[in-house]
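Student: Structure of the sequence below:
(2 chains)
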Amino acid sequence: MSALLSLIAVLILIILATLGVGVLHLNGLFGIVIPYIAVTMFIIGFFYRIFKWASAPVPFRITTTCGQEKSLSWIKRNRLESPFTNLEVVGRMVLEIFCFWSLFRNTKSELKEGPKLVYGSNKYLWAGALAFHYSFLVIFLRHYRFFVEPIPALLNMMQSFDGFFQVGIPVLYITDIVLIGALGYLFFRRVLDPKLRYISLPSDYFALFLLLGIAISGVLMRYFFKVDIIGVKELAIGLVSFHPKTPAGIGLLFYIHLFLVCTLFAYFPFSKLMHMPGIFFSPTRNLANNNRAVRHINPWNYPVKVHTYEEWEDEFREKMKAAGLPLERE
Amino acid sequence: MSDSTMKPEELAKIDYTPPKKGWMETKPNFRKGTWCYSAAPKNLKYLGLPNPRDWQPSDKDWKLPENWKEIIIEGINDRLKKYRSFRLFMDICVRCGACADKCHYFIGSGDPKNMPVLRAELLRSVYRNYFTKAGKLLGKFAGARELTIDVLKEWFYYFYQCTECRRCSVFCPYGIDTAEVTMIGRELLNLIGVNINWILEPAANCFRTGNHLGIEPHAFNDNISFAIDDIEDSTGIRVEAPINKKGAEILVVPPSADYFADPHYYTFLGYLALFHEIGLDYTWSAFASEGGNFGLFQSREMIKRLNAKIYAEAKRLGVKWILGCECGHMWRVMHQYMDTLNGPADFLEVPVSPITGTKFEHAASTKMVHICEFTADLIKNNKLKLDRSRNDHWITTFHDSCNPARAMGLLEEPRYIIRNVCNNFHEMPDNTIREQTFCCGSGAGLGTDENMEMRLRGGLPRANAVKYVHDKHGVNLLVCICAIDKATLTPLMEYWVPEVVVGGIHELVANALIMKGEKDRTTDFREQPFKGKED
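Tutor: This is a model prediction of the structure:
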């Protein structure tokens, strides 16, 4: 039900773009106005959310330790899983951000007859997530070619790696296949695993369908229904140089692709996709486990009502005296 | 032993299929054995907490204040401003499900709301509804819902089915820590007087007497005297155990169960024997007679209120530093909260072992050392005369307690000690130890008898791993360094692996410790004969 709802939402977006450009010829709206609005919403929303996180203090150092602490000199400590210095924290974060380290740990528990609980390694989600994020990154960077002239050598190099297998004309990009495959995996996993289906919100499917819509429309444009690349580049450069124009004859498919991308940009800051900047702020990962060596300051630490020794002794003085315990006041 | 009349085979028939209806439409079933009794009004009154009254979670009417909803919403607002963790964890979960089967309560119950992701969604859904644009605009599509009395009851049911063990946070790709969400959830519930007695009674006791069990100073004195007698019976040596001694070098802080409950008591005897043998200049305190802190399960404010006595007492007695005994959640507080809340402890010195001269630089600010760090250092420097064979009647395995493992990283010290004091030690399977250790199922204030079914369910993963090493290696002693563990693993073992008993590390240390002038020992502190001395 959640999935269907989200699919319909994405289909409506596609229909909107089709009607808007194909029937009403609102090329200016879909090619210029909406992209500007979407990017503005993205930038403001993105930084507003980050500002919100950053402005909330970190009152306690609540590192999750996944390895041996630094204690006695002869005990080998785990610098990455229980970082003590800031440099080690950077190491842990690099592993987390570039290798999805915590996800790599993933296991699957199974209850067998007996009862016997067994835990197997389960790297599918890790592999799927890594495949999705890296192919998305490459594709995202690849699009840079539409915004610059001449195209930087580095970009061309990346592209030739991506088209390494030299299959088809135009050359098939590996990342296109991987992206759609990974999104497909993430979708089917959500629908087929009853646990995941149960926890999934409509917005979880929406993000997947939106990304799939973007990927599929992009692939269709590149390999099947050619659009006018020169026109697309003209539009893109116009947008970034603030001299926007909508060259004629680009093709409807492009506008659908662009509208979905705009939706992604505008939706991003309001959604779970903010996990991208969020991971950098995660206090269980980005703090050193040096709690007992360096005092952590809580900016709002306030005085509380405590039970003092004097009050305590006053209550128990007679009993303490009888037991022969030392007293502050006789 | 247990309220639960179900046989282990029956209890272990767990259905992991979620209900047909969506989770927002499913209400919790307050089944007997799966929730804890409400806090008695006297405890709330003593601590000055809001809305003391007679009520039970099974009642229809929870007798909440008129404006309970506003109090909660304002409470959320306040905490969003105070805790980056809270705001972030409300925003960035993608519901990837990596945490789902990591929770011992989910594994043991199959209840989908015990998946950490859904436990947090219970609160997230309300956050979205009142604090995010997407939630306000798109409602259910964005996963938002109204705060209603049913939602509140659901919070109570599931935030008191989380032991704040942080196992899920190890696996979360963003490090989302359900313990943090549960702590906030419980703080919110406490604002309107929705709390449980197993947490508030120990907290009230602790505030008044200094310890959770409510042991008054003269009784504390008695307990220690009994312990001295018991040591003399087994070893022939009369140890000294100073209380409230000014000018001692070290203040030793135990969890109160150590000098009161079984099997903790044998560990306590172990401390006394060890300190005597090395000639430590130390003192117990009848005031700082509890390092454990049930405030951790109630609110950060209560952590601070109960913890304040530790530094205060160290200052009053004029000690140089503090040594903390075997306790799990106590060490979360000591390691991650104490210095921040009640420090700086600038009147103390950087801890130095008077026996080995080792400077504990890693505790340079807090000035508190874990007893396993202290003892491992003694052993490494050959300061103890140990006879491992005196533990040959035990085949041991080690349970990493959640907090020392995941909030401290104390993994090797206990293992080093065990290997040096006993010959038979077998690790449980990899996915159940160290940072992946499974909770006893009764932590965070849930270790009460009326909650027994849930405890046995939550403890299943731990018990099952113990069973594995019991079957494979004949393990008969589950060693741990946590007072809640010692109390709750005992009935857990009785239920799932009855051949295994529970003990502490310093119990094993004292068995192996050859004391100067001891009589010919034939039994351990449990009065069980050493191997080869059975008659």
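
Student: Please give the number of neighbouring residues around residue 6.
Tutor: In the absence of a named chain, chain A is used. Using other CB atoms under 10 Å in any protein chain shown, residue A:6 has 22 other residues around it. Quick note: C-beta positions are derived from backbone N, CA and C, even for glycine.

Student: wait, I meant chain B there
Tutor: Around residue B:6 there are 16 residues (other CB under 10 Å).

Student: In this model residue B:453 seems to touch it, though I could be wrong.
Tutor: Yes. Here residue B:6 reaches residue B:453: they are 7.3 Å apart, a contact under CB atoms under 8 Å.

Student: ok and the residue in chain B nearest chain A?
Tutor: The minimum distance from chain B to chain A, using CB to the nearest CB, falls at residue B:409 (3.1 Å).

Student: State the helix or strand in which that residue lies.
Tutor: Assigned by DSSP states H and E, residue B:409 belongs to no helix or strand.

Student: which non-adjacent residue is nearest it?
Tutor: Nearest non-adjacent residue to residue B:409, counting by CB to CB, 6 or more residues apart in numbering or on different chains: residue A:69, 3.1 Å away.

Student: Would you tell me what helix or strand the one you found is located in?
Tutor: Remark: residue A:69 resides in no helix or strand, with elements defined by DSSP H and E.

Student: Report the separation between it and residue B:351.
Tutor: 15 Å (CB to CB, to the nearest Å).

Student: can you confirm residue B:478 is in a strand?
Tutor: Yes. Residue B:478 forms part of a strand when assessed by DSSP: H, G, I helix; E, B strand; the rest coil.

Student: Need the mean per-residue confidence for the helix or strand hosting residue B:76.
Tutor: Assigned by DSSP H and E, residue B:76 belongs to helix B:68-82. Rounded to a whole number, the mean pLDDT of helix B:68-82 is 98.

Student: chain center to that helix: distance?
Tutor: Taking CA atoms, centre = their mean, to the nearest Å, one finds helix B:68-82 lying 28 Å from the centre of the chain it belongs to.

Student: Give me the contact list for that helix.
Tutor: With CB atoms under 8 Å, 6 or more residues apart in numbering or on different chains as the test, helix B:68-82 has contacts from A:56-57, A:59, A:300, B:65, B:86-87, B:90, B:126-127, B:130-131, B:147, B:152, B:184, B:187-188, B:191-192.

Student: Quick check on those residues: which are buried?
Tutor: Neighbour counting over the contacts of helix B:68-82 (16 or more other CB atoms under 10 Å in any protein chain shown) leaves A:56, A:59, B:86-87, B:90, B:126-127, B:130-131, B:147, B:152, B:184, B:187-188, B:191-192 as the buried ones.

Student: Identify, from those residues, the entry nearest to residue A:275.
Tutor: Of all these, residue A:275 sits closest to residue B:90, with 12.0 Å by CB to CB.

Student: Residue A:199 touches residue B:100, doesn't it?
Tutor: Yes. Between residue A:199 and residue B:100 there is a contact under CB under 8 Å: 7.4 Å.

Student: phi, psi of residue B:369?
Tutor: Torsion angles at residue B:369 (phi, psi; degrees, to the nearest 10) stand at phi -120, psi 140.

Student: rewinding a little: for residue A:177, state which of the buried ones among the contacts of helix B:68-82 is nearest.
Tutor: residue B:90 (35.9 Å).

Student: so who does that closest one touch?
Tutor: Applying CB under 8 Å, 6+ apart to residue B:90 gives the contacts B:80, B:123, B:124, B:127, B:128, B:131.

Student: can we see that at 6 Å?
Tutor: B:124, B:127 (CB atoms under 6 Å, 6 or more residues apart in numbering or on different chains).

Student: Likewise for residue B:343?
Tutor: residue A:295.

Student: how close does it get to residue B:226?
Tutor: For residue B:343 relative to residue B:226 (CB to CB), the value is 35 Å.
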